[in-house]
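**Student:** sequence and predicted structure, then a few things I'm wondering about:
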Amino acid sequence: MTAGTDDYTTPDSFHLDPAPRSYVDTRSFRDAMASMAATACVVTTQFGGQRLGRTATSVFSLSVEPPAILVSIDISSPMVDHIMKTRGFSFAVLAEGQDGIAGIFAGHGEPERRFDTGRWQAWRSGHPRLSGAVVAMDCALLGSVETGTHVLFAGGVIDIDPASGRPPLIWHDRGYRSLAHHAENAAPSSR
C-alpha cells in the first residue's frame, strides 16, 4: 500500500526493507508492547471543513533544533491524506482525567461526534487545538516514512499552547493510567 493520492505524495519518503528473517507473531509483539508505558495524545487535522483526530501513543520528540516531533498514523486512516494535503497536523498531550477524550478518539463512539468531547479551538493553521491538555502543539510537515501499515510523520512545531502543569494520561497494559496510580502501585525498589 502506498500513502497518498494521485495529487499528493508523502514528502521525502523511503520504504523500509523487510527483516532478513521472519518476524515474531503479532500477538506476542502486541503483548510485549502492552508492557511499555506511553503518553496518550490526540493527533488532529482539518482539511476542507472536515476535522479528523485519533488517539496516538506513538508520538515523541525528534529534535530541539528545529523543534520537531514524530507521530505514527495508520496508513489506511483518512488522516494520512489530510496531513499530506495540509502539510501539517496538531497534537495534544492528554492530561489525567481526559481518558474520555482518549477513548472517543480511539474509536469508541461516533467519529463525527469526536470533537463534541473536550474544549476545542483552532490554531492559526486551522487544525483543531484541545484546551486543557498537558501541552498542545501545531506542526508543519517536515517529512515522512512509510513503514508498511503506518506512516511516520515528522512535524516542525510552529505554535505551542504551553504546558498546563497537569500530569499526563498514560497508556499501559491496555488501559489508561495516571502517574499517581503507578506510584501507589509500584513495588518498593530493592536497594
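**Tutor:** Yes, it's here. Numbers count the residues shown, from 1 in each chain.
**Student:** who are the contact partners of the spatially most central residue of the chain?
**Tutor:** Centroid check for the chain by CA atoms, centre = their mean gives A56 as the closest residue, at 3.4 Å. For A56, the contact set (CB atoms under 8 Å, 6 or more residues apart in numbering) comprises 41-43, 71-73, 91. Any C-beta I mention is one placed from the backbone N, CA and C, and that applies to glycine too.
**Student:** let me have those residues in a markdown table, adding distance to G175 and neighbour count as columns.
**Tutor:** Compiled in a markdown table, the contacts of A56 are given as follows (distance: CB to CB, whole Å; neighbours: other CB atoms under 10 Å):
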| residue | distance to G175 | neighbour count |
| --- | --- | --- |
| C41 | 16 | 30 |
| V42 | 17 | 26 |
| V43 | 20 | 28 |
| V71 | 22 | 24 |
| S72 | 20 | 18 |
| I73 | 22 | 23 |
| F91 | 21 | 28 |
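**Student:** using PDB, list the CA coordinates for the strand or helix carrying D138.
**Tutor:** Using DSSP states H and E, D138 maps to strand 135-146. Output of strand 135-146 as PDB, limited to C-alpha atoms (Å, rounded to 0.1, in the frame of the first residue of the first chain):
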ATOM      1  CA  VAL A 135       0.500  20.700  26.200                       C
ATOM      2  CA  ALA A 136      -0.700  21.200  22.600                       C
ATOM      3  CA  MET A 137       1.400  21.800  19.500                       C
ATOM      4  CA  ASP A 138       0.700  22.700  15.900                       C
ATOM      5  CA  CYS A 139       3.100  21.300  13.400                       C
ATOM      6  CA  ALA A 140       4.200  21.900   9.800                       C
ATOM      7  CA  LEU A 141       5.000  18.700   7.900                       C
ATOM      8  CA  LEU A 142       8.800  18.200   7.500                       C
ATOM      9  CA  GLY A 143       8.800  14.700   6.000                       C
ATOM     10  CA  SER A 144       7.600  11.200   6.400                       C
ATOM     11  CA  VAL A 145       8.500   7.500   6.300                       C
ATOM     12  CA  GLU A 146       6.100   4.800   5.200                       C
END
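**Student:** mind giving me the packing neighbours of that strand?
**Tutor:** The contact analysis (3 or more CB pairs under 8 Å, 6 or more residues apart in numbering; DSSP states H and E) places strand 135-146 against strand 68-74, helix 78-86, strand 88-93, strand 128-131, strand 150-161.
**Student:** and the lowest mean pLDDT element among the helices and strands of this protein?
**Tutor:** Counting by mean pLDDT, DSSP states H and E, the weakest-scoring helix or strand in the chain turns out to be helix 179-185, with a mean of 61.
**Student:** mind checking how far the residue nearest to R119 when sequence neighbours are not counted is from T26?
**Tutor:** Leaving aside its sequence neighbours, R119 sits nearest to S131 (CB to CB, 6 or more residues apart in numbering; 4.1 Å). Going from S131 to T26 by CB to CB, to the nearest Å gives 37 Å.
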